[in-house]
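Q: Provided below are the primary sequence and the corresponding predicted coordinates.
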Amino acid sequence: MRLLVVPLGDVPRDLLADISHALAKYGLRCQVGEGTPLPAEAFHPERGKYRAEELLRLVVPREEAVLAVTPADMYADDLSFVFGLANLGRPGAVVSVHRLRSPDRERFLGRVVKESVHELGHTWGLPHCSNDACVMAFSNSLEMADAKGQDFCESCRRVVPIATDPTRA
Ligand SMILES: [Zn+2]
Ligand SMILES: [Zn+2]
């Protein structure tokens, strides 16, 4: 499956390349696309964050799937922050690297890839999974994000349209 990876705001090209490389292990053929600047109107001054839904709206599906990567800290209606957002069963996902940062580059990249795969799972129709080890487990803290696995559990795996053993490739 092809995946277009696009920066939303200022994202280093080498990070986009590293994400694409890591996602290739999931059978995703990534291509880095043109970036879009962060829209000022999506910023909520009191919250000091961007509204995730408005950023997601900018992710116009141009391929089978599009993943936007943004440095913007994001919030959603009832959540003070979100790592990412996607509409269930609809192409297009946005992931924020803001809260995933770590001095350890591998750890940082691992988190970004995990959250990216999680949001892509939503685009393929997967809801949150009750299996804590599954990449579709809901996480609203770095601890939870770090604790879950990078792959889909057996039952989620049946739904996704990609080959999903990232450890094998
Ligand atoms: Zn989710
Ligand atoms: Zn699962």
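A: In hand now; what should we look at? Ligands and ions are numbered 1, 2, ... in the order given.

Q: for Ile19, phi and psi?
A: Its backbone dihedrals place Ile19 at phi -60, psi -50, with angles given as degrees, to the nearest 10.

Q: for it, give me its contacts.
A: Contact analysis of Ile19 by C-beta atoms under 8 Å, 6 or more residues apart in numbering lists Val5, Cys30, Val69, Leu109, Val112, Val113, Ser116. Using the backbone N, CA and C atoms, a C-beta is placed for each residue, glycine as well.

Q: mind doing that once more with 6 Å?
A: Going by C-beta atoms under 6 Å, 6 or more residues apart in numbering, Ile19 touches Val112.

Q: kindly report the same for the one 4 residues further on.
A: Taking C-beta under 6 Å, 6+ apart, we find Leu23 in contact with Cys30.

Q: repeat that for Phe83.
A: By C-beta under 6 Å, 6+ apart, the residues touching Phe83 are Glu115.

Q: repeat that for 8 Å
A: Residues in contact with Phe83, defined by C-beta under 8 Å, 6+ apart, are Val95, Ser96, Arg99, Leu100, Glu115, His118, Ser139, Ala145.

Q: the first one pairs with what?
A: Spelled out, it's Val95. Residues in a beta bridge with Val95, per DSSP bridges, are Val69, Gly84.

Q: sweet, I'm off.
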